[in-house]
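In: Build me a model from this:
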Amino acid sequence: MQLAFSNRALKLWRAYEGQLNRRPVQTQMATSALLWAVGDTLAQKVEQRETLDTKRVAMTAGFGASFMGPVGHYWYLALTGIQGFKSKIEQDFVPTYMAELFIWPGFQTFNFTKVPLQHQLLAVNCMTLVDATFLAWARSQVGGSYPKSPYASPILKGSWPGLGHR
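Out: Here you go, the predicted structure:
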């Protein structure tokens, strides 16, 4: 008996996975509708209602299908993208930012207090040249992962779609 239930549950799960791969949004809508309907039915049992309010169950199921299914689907896709973005920030941005915090505040203090106004932009441009060269050198010394130069953006490289190579 238990083996037969396990086989049926496994077949049902595989069918669900197949639908989820073929029609992800529609599958999420259907499962959300079903689970929200079951949840409202159970809630009405807990409320000790004498009769089941089928209109309420239908409205709840409709909410699950029309809102929670599609919005939830895209929400979790977005969260996955955010996690990737967070990893990229931790890997690339934070080390570079820390290196920049070490260099630039001191340089700008010197620039604003000791360099004549008409030469401040020249000083910054020269320091930028030194900074970019240092970051590129440091990146090449540790296998290309730390620190990454903020000057090596996809736009500057011309590698964004539609921009072509410069």
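In: which residues of the chain score low on pLDDT?
Out: Residues of the chain meeting the criterion pLDDT under 70: 1-2, 138, 141-166.
In: center of it - which residue?
Out: Residue closest to the mean C-alpha point of the chain, counted by CA atoms, centre = their mean, is Ile82 at 1.3 Å.
In: Quick check: that residue vs Pro116, distance?
Out: Distance, Ile82 to Pro116, by CB to CB, to the nearest Å: 46 Å. Every residue, glycine included, has its C-beta placed from N, CA and C.
In: now do Phe134
Out: To Pro116, Phe134 is 25 Å away according to CB to CB.
In: Which of these two has more residues huddled nearby?
Out: For Phe134 versus Pro116, the count of surrounding residues by other CB atoms under 10 Å is larger for Phe134: 14 against 8.
In: got the buried residues for stretch 34-49?
Out: Of the residues in stretch 34-49, those buried under the neighbour-count criterion (16 or more other CB atoms under 10 Å) are Trp36, Ala37, Asp40, Thr41, Gln44.
In: helices or strands next to the longest helix along the chain in the packing?
Out: In the chain, assigned by DSSP state H, the helix with the most residues is helix 117-141. When contacts are defined as 3 or more CB pairs under 8 Å, 6 or more residues apart in numbering; DSSP states H and E, helix 117-141 packs onto helix 94-114.
In: Please identify the buried residues of the helix it packs on?
Out: Neighbour counts over helix 94-114 (16+ other CB under 10 Å) mark Pro95, Thr96, Ala99, Phe107, Asn111 as buried.
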